[in-house]
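Novice: here are the coordinates; sequence isn't available:
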């Protein structure tokens, strides 16, 4: 073969080889892209197990496929595989430390486990690496809200929405920033399309949609203070359990439309809930159906949202308030319950040894001309409750520069936590919904998050943490009743607790599966501090700023026990 012919043949062969390589490279990304799109659609539609399996197949072929890794971790979190999700995120970040997307989803896993400061660090690093990483802004928004840094939270959420308005998680969070009529349309569109929500979460959104349809074109029920006094002291009463022998908790006398009721004062609950009997006596006006959930094995319970024209607590009188009506059975002494978050506009002092509830004005923020007052009867988050009181819940359309645009911005911008000089020694709590979670040490462990719950008969430790601590004993004789009915499986474990400079010696503590509660608030809840222990304390709560202070006086404890 001549040299020229040989060169020609070699050239053709090389060309064919290179063409095959190019075609193979083109086919590979196309196949990966199609697989990733299919997995993302499964995640978007709430098919989390199938999505996880699909992402894992993609990662077998390409262990460094960041989008598949992010999707895998999100799918695991949605299935409550929280420890596995954190391990997976740590491994992925170690493999690719420069990925903002991986750092953001690592922050999500840390937040879900209650590792707040680690989560913040991961989110901030993600933002630094990629200023357009919307999930980092979204994560910081919910984190700063838990810190009671509501202006910080709003700014982060607005940036997330500006950066990725089509992201479903961002859309769901941004809904609450819209004027009510626009919120109604946006929620209808969201629920009409595939969305990554569980059946219970979807039910909550459907309930809210029904409520918006009934109220979007009507004035906000702001439950404003109409009496001239701004503070009150009310005598509390003891409520007994069904056996008539054991104390159920604290009863607060409340007048609803001139009808007297005793409501369980419950720091572990939100809003005001009354029995149907009380609602009928008081002639409360029906608005829409609703479902609510708590501890227990019967699943979400059905109720109704209604309007109370007038509510009186001590010397304070409020008008036009939304409350919940339930068909759930309560004790003979109890006509419903009232969450302490209802008094979020006040400094709440639950002095249990003295059997007094004192409500007084919160310290005025330096920028405030007056301290807002009102009753958060719906148990809304603090920023939205203040917005309702100050400008009837409506929003004006402004962009970041203040000019007219289609971007929603509250007329009343939320404000960050303010710590008055006299409250500098108070414990900083994490505010998640109606709950105040405080750092608590169990058997000198790493810090865990416990809710303050005067509605629980005793202290409760999550079964997850109890098993991590060691021996757990089954206790078939223990009966625990919650909003969702009786808990079928209860356990006991020995543990000591330390919180807010108070140390409790090692003793048996009831352990329950709290995974449902943790899932609902999106953060690991390791337990509750219950009435059996709190009854010896004077509890001071600042819901606006997420601050808690406990006062323990042995002399008053002895007087109370007699």
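Specialist: Alright, I've got the coordinates. Just so it is clear, the model here is predicted, and its values are computed rather than measured.
Novice: just confirm residue 36 is within a helix.
Specialist: Yes. Looking at residue 36 with DSSP: H, G, I helix; E, B strand; the rest coil, it is inside a helix.
Novice: neighbours of it, how many?
Specialist: Residue 36: 19 surrounding residues under other Cβ atoms under 10 Å. In this view, the C-beta of every residue, glycine as well, is placed from N, C-alpha and C.
Novice: would you confirm that it contacts residue 61?
Specialist: No. When contacts are counted by Cβ atoms under 8 Å, residue 36 is not listed as touching residue 61 (10.9 Å).
Novice: count of residues packed around residue 80?
Specialist: By other Cβ under 10 Å, 16 other residues sit near residue 80.
Novice: repeat for residue 65
Specialist: Residue 65: 18 neighbours (other Cβ under 10 Å).
Novice: and what of the one 3 residues further on?
Specialist: By other Cβ under 10 Å, the residues close to residue 68 number 24.
Novice: state the distance from residue 212 to residue 219.
Specialist: Taking Cβ to Cβ, to the nearest Å as the measure, residue 212 falls 14 Å from residue 219.
Novice: neighbour count: the two, which is higher?
Specialist: residue 212 (19 against 10).
Novice: buried set for the helix or strand where that one lies?
Specialist: Taking DSSP states H and E as the criterion, residue 212 maps to helix 199-215. Across helix 199-215, burial judged by 16 or more other Cβ atoms under 10 Å covers 203-205, 207-209, 211-212, 215.
Novice: quick check: which helices or strands does that helix pack against?
Specialist: Applying 3 or more Cβ pairs under 8 Å, 6 or more residues apart in numbering; DSSP states H and E, we find helix 199-215 packed against helix 180-192, strand 285-292.
Novice: the next helix or strand after that helix pairs with which strands, parallel or anti?
Specialist: Using DSSP H and E, the helix or strand that follows helix 199-215 in sequence is strand 224-225. Strand 224-225 sits in its sheet next to strand 316-326 (antiparallel), going by DSSP bridges.
Novice: what's in contact with the strand it pairs with?
Specialist: With Cβ atoms under 8 Å, 6 or more residues apart in numbering as the test, strand 316-326 has contacts from 221-227, 229-232, 256, 271-276, 279, 284, 287, 290, 292, 301, 303-312, 336, 359, 374-375, 377-378.
Novice: these two touch, right, residue 148 and residue 544?
Specialist: Yes. With contact defined as Cβ under 8 Å, residue 148 reaches residue 544; the gap is 7.4 Å.
Novice: any idea whether the closest residue to residue 46 other than its chain neighbours is helix, strand or coil?
Specialist: Closest residue to residue 46 apart from its sequence neighbours, by Cβ to Cβ, 6 or more residues apart in numbering: residue 196 at 5.1 Å. What three-state DSSP gives for residue 196 is coil.
Novice: is it true that residue 345 touches residue 376?
Specialist: Yes. Here residue 345 lies in contact with residue 376, judged by Cβ under 8 Å, at a distance of 6.9 Å.
Novice: okay, those two: which has more neighbours?
Specialist: Remark: of residue 345 and residue 376, residue 376 carries more neighbours, 29 against 24, as counted by other Cβ under 10 Å.
Novice: what's the spacing between that one and residue 173?
Specialist: Separation of residue 376 from residue 173 (Cβ to Cβ) stands at 20 Å.
Novice: same question for residue 308.
Specialist: Taking Cβ to Cβ as the criterion, residue 308 is separated from residue 173 by 30 Å.
Novice: so between those two, which is more surrounded?
Specialist: The neighbour count for residue 308 versus residue 173, taken as other Cβ under 10 Å, is higher for residue 308 (26 against 18).
Novice: residues in contact with the more buried one?
Specialist: Residue 308 makes contacts with 256-257, 272, 282, 284, 321-323, 377, as judged by Cβ under 8 Å, 6+ apart.
Novice: between these, identify the one with the most neighbours.
Specialist: Those, ranked by neighbours (other Cβ under 10 Å): first place residue 323, 30 neighbours.
Novice: skipping adjacent residues, who's closest to that one in space?
Specialist: Distances taken as Cβ to Cβ, 6+ apart place residue 272 nearest to residue 323, at 4.2 Å, with adjacent residues excluded.
Novice: contact partners for that neighbour?
Specialist: 254, 263, 308, 311, 321, 323-324, 336-339, 342, 377, 379.
Novice: TSV for the residues you listed, including distance to residue 413?
Specialist: Shown next, in TSV, are the contacts of residue 272 (distance: Cβ to Cβ, whole Å):
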residue	distance to residue 413
254	33
263	33
308	30
311	28
321	25
323	28
324	29
336	34
337	32
338	29
339	26
342	24
377	23
379	22
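Novice: out of these, which are inside strands?
Specialist: Using DSSP state E, 254, 263, 308, 311, 321, 323-324, 336-339 are the members of the contacts of residue 272 that sit in strands.
Novice: quick check: of the residues you listed, which lies closest to residue 246?
Specialist: Nearest to residue 246 among the ones in strands among the contacts of residue 272, counting by Cβ to Cβ, is residue 337 at 17.4 Å.
Novice: how about the closest one: what's its closest non-neighbour residue?
Specialist: Residue 337 sits nearest to residue 264 (Cβ to Cβ, 6+ apart), 4.0 Å away.
Novice: what about that neighbour, distance to residue 200?
Specialist: From residue 264 to residue 200 the distance is 24 Å (Cβ to Cβ).
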